[in-house]
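Engineer: have a look at this prediction, sequence included:
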Amino acid sequence: MPRPMALEPFAEAMTAWRRDLHAHPELGFEEHRTAALVARELRAAGIAVEEGIAGTGVVGTIRGAAGNRAIGLRADMDALAMAEMTSAPWASLTPGRMHACGHDGHTAMLLGAAKWLAGNRDRFAGTVHLIFQPAEESRGGAQAMLAAGLFERFPVDAVYAMHNLPGLPLGTVAVPKGAVLASSDTWEVTFRGRGTHGAKPHLGTDATLAAAAFILALQTVVARELDPLGVGVVSVGHLAAGHPEAPNVIPAEVLVRGTARALSAPVRDLLEARIGGIARGTAATHGVAAEPIYNRRLPPTVNHPAQAALMHRAASAAVGADRALDDHPPITAGEDFACMLEARPGAYAWLGTGDPAHPEGWHHNPRFDFNDAALTAGAALFCGIVEAELGA
């Protein structure tokens, strides 16, 4: 299987692509320039290309030696609505937009792997679909590609992806055996009472007091109802009530919104049920009404055992057994690749990019910048997965 040195001939090109993409970030479903660059480079390597999938998605198809099996390799392309604060020469040229999560690196790595695979078709038997996905950052890109018939148009027996991880040693690959990332859901509760003058609370029913009691009681779900060995997160992120210029008015309505995270379906079900139950119970205690709404956005990202084991073997061959891990703890962020893993078997890995240049230079931070030194390791892992799955 190819090691990073085998991808060194493409290192300069991958770095150039990555920095070009970083300088021209595009939000989800707006990746027109990014998609055009991807399609152009794939076609230059003699790879068949389909564009416009779910708007800006691109799929390149490489056929190796005769074989009936097919796999998918996925990279996300979108940036975030953030103002960049790096001083890099390739810093964002678009105000209020930046690649703060490393999707520029993911795209460049898959392009580098595509070039190598296109030139080594005799080393695998079957088909590789290169999936360049739009809108991973909370805009539903994976769901949109699936709804557009991704796996009906480009059938695969398994699908794989990776994500850069600052703090993990450079060139290290971690392939968790089970849960990798949490479900990512949002919820809201509207408390409705009877507004009144702040000096005469007895003439109303205080929705604000009910909301305050609810927020405090909410934390008992994880602390007292969840198995201590389970993982769940419930956080309040938004609270709206009254008017800032009317502090002497007890408002009739209070809106509380937040996020819920879980690593398994049973915990996710528990969080949904108890958020609603606590809201209604608290409201009844305070004599007000409550309307809870729970929005299931993304399921947990859970690796399939056989594909995780294969990806770990490919990582061991690509970066060395001492830098291929299979016991990395799960992270409570979310990832829409989870939807692809619900549709097909597959696995998801972390690619170490070393310590960030700044203490705050982690994902979704204005000082974040992908470490180009990790590009060859990531591309080699993509190629190694192909040989492990389809090796001729």
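Structural biologist: Done, it's in. Residues are numbered from 1 along each chain as shown.

Engineer: residue 192 versus the residue lying closest to residue 242 once chain neighbours are set aside, what's the distance?
Structural biologist: Ranked by CB to CB, 6 or more residues apart in numbering and with sequence neighbours excluded, the top spatial neighbour of residue 242 is residue 251, at 3.9 Å. Yep, even glycine has a C-beta here, placed from its N, CA and C like the rest. Using CB to CB, to the nearest Å, residue 251 is found at 10 Å from residue 192.

Engineer: tell me, what's touching those two both at once?
Structural biologist: Shared contacts of residue 251 and residue 192 (CB atoms under 8 Å, 6 or more residues apart in numbering): residue 207.

Engineer: compare the two and say which is more crowded by neighbours.
Structural biologist: residue 251 (22 against 17; other CB atoms under 10 Å).

Engineer: which phi and psi does that one have?
Structural biologist: Note on residue 251: backbone dihedrals following degrees, to the nearest 10 are phi -70, psi 150.

Engineer: list the contacts of it.
Structural biologist: Residue 251 touches 195, 207, 208, 241, 242, 243, counting by CB under 8 Å, 6+ apart.

Engineer: one more time with 6 Å, if that's ok
Structural biologist: 195, 241, 242 (CB atoms under 6 Å, 6 or more residues apart in numbering).

Engineer: what's the local residue count around the first one?
Structural biologist: Just to be clear, that refers to residue 195. Number of residues near residue 195 (other CB under 10 Å) recorded here: 18.

Engineer: now it. Nearest residue, chain neighbours left out?
Structural biologist: residue 252 (3.5 Å).

Engineer: against residue 282, how distant is the one you found?
Structural biologist: From residue 252 over to residue 282 the distance is 17 Å, taken as CB to CB.

Engineer: residue 265: which of the contacts of residue 251 is nearest?
Structural biologist: Taking CB to CB as the measure, residue 265 lies nearest residue 241 of those, at 33.7 Å.

Engineer: what's across from that closest one in the sheet?
Structural biologist: Following DSSP bridges, residue 241 is listed with bridge partners residue 254.

Engineer: low-confidence stretches in this structure?
Structural biologist: Across the chain, the ranges flagged by pLDDT under 70 are 1, 3, 392.

Engineer: per-domain residue ranges of it.
Structural biologist: Here the domain assignment for the chain is 4-181+300-390, 184-298, based on automatic domain parsing.
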